[in-house]
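>>> coordinates only, sequence not included:
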């Protein structure tokens, strides 16, 4: 599970790294991005297919939801089931994204409570977490863009801490 992560590179650096084409969004880098916060996401623009760096809210609000105020907003989608789940299927097929992160946090349950661990690449490079995104249109003219992070079984480093971790997309992929 991914419940918090850090993305502390400025927009200019993320735009260079991910080769995005749009005007840069204005955001403050953060060591502690939490669910429901706006965060930088790299996605293909639905019309131009150009790679964009945009701010989306963490917690997926599917386009088919009628009442956003009472909707479930999952922050994670399991890799094993998101392609078949009605909640995530449309986004998985048409709206995949990358979530830039310097690290992600997992919490290990101990006798004294939960102990946070920050996990990062050994080489210090930025992580690209796999994600899905949605656009939700309410009764007005506004559009709310949201995302969820895809999670998978943990690798050898994360397994002693938690039974899930974000899907990490390697640069070659």
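Done, it's in. Predicted model only: the values in this text are computed from it and were never measured.
>>> And residue 134, how close does it get to residue 15?
Using CB to CB, to the nearest Å, residue 134 is found at 23 Å from residue 15. Using the backbone N, CA and C atoms, a C-beta is placed for each residue, glycine as well.
>>> likewise residue 24?
Taking CB to CB, one finds residue 24 at 6 Å from residue 15.
>>> what helix or strand is residue 12 on?
In this structure, residue 12 sits in helix 11-18 according to DSSP states H and E.
>>> what about the spatially most central residue of the chain, helix or strand, and which?
For the chain, the residue nearest the mean C-alpha position is residue 149 (3.9 Å; CA atoms, centre = their mean). In the assignment (DSSP H and E), residue 149 maps to strand 143-152.
>>> just the strands in this structure please.
Counting by DSSP state E, the chain has strands at residues 4-7, 30-33, 38-44, 51-58, 76-78, 96-101, 103-110, 113-119, 127-137, 143-152, 165-166.
>>> Show me what the first one is packed up against.
Contact here means 3 or more CB pairs under 8 Å, 6 or more residues apart in numbering; DSSP states H and E; on that basis strand 4-7 packs against strand 30-33, strand 96-101, strand 103-110.
>>> Tell me which of those sits most buried.
Comparing the helices and strands packed on strand 4-7 on average neighbours per residue, with mean count of other CB atoms under 10 Å, the densest one is strand 96-101 at a mean of 23.
>>> quick check: angle from it to helix 11-18?
130 degrees (axes from the mean of the first three to the mean of the last three CA atoms, to 10 degrees).
>>> relative to strand 38-44, how tilted is strand 96-101?
140 degrees.
>>> Show the average pLDDT along strand 96-101.
On average, the pLDDT along strand 96-101 is 96.
>>> tell me the angle it makes with strand 127-137.
For strand 96-101 against strand 127-137, the angle by the same axes, to 10 degrees is 130 degrees.
>>> could we number from 43 for the rest of this?
Okay, residue one is now 43; in that scheme the one you just asked about reads as strand 138-143.
>>> quick one: strands adjacent to strand 138-143?
When pairing is defined by DSSP bridges, strand 138-143 lines up against strand 80-86 (antiparallel), strand 169-179 (antiparallel).
>>> How far away from the center of its chain is that strand?
Computed by CA atoms, centre = their mean, to the nearest Å, the chain-centroid distance of strand 138-143 equals 5 Å.
>>> quick one on the thing from earlier: dump the helices and strands packed on strand 46-49 into CSV; add distance to residue 89 as well.
CSV is the format used below for the helices and strands packed on strand 46-49 (distance: least, CB to CB, whole Å):
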stretch, distance to residue 89
strand 72-75, 28
strand 138-143, 16
strand 145-152, 31
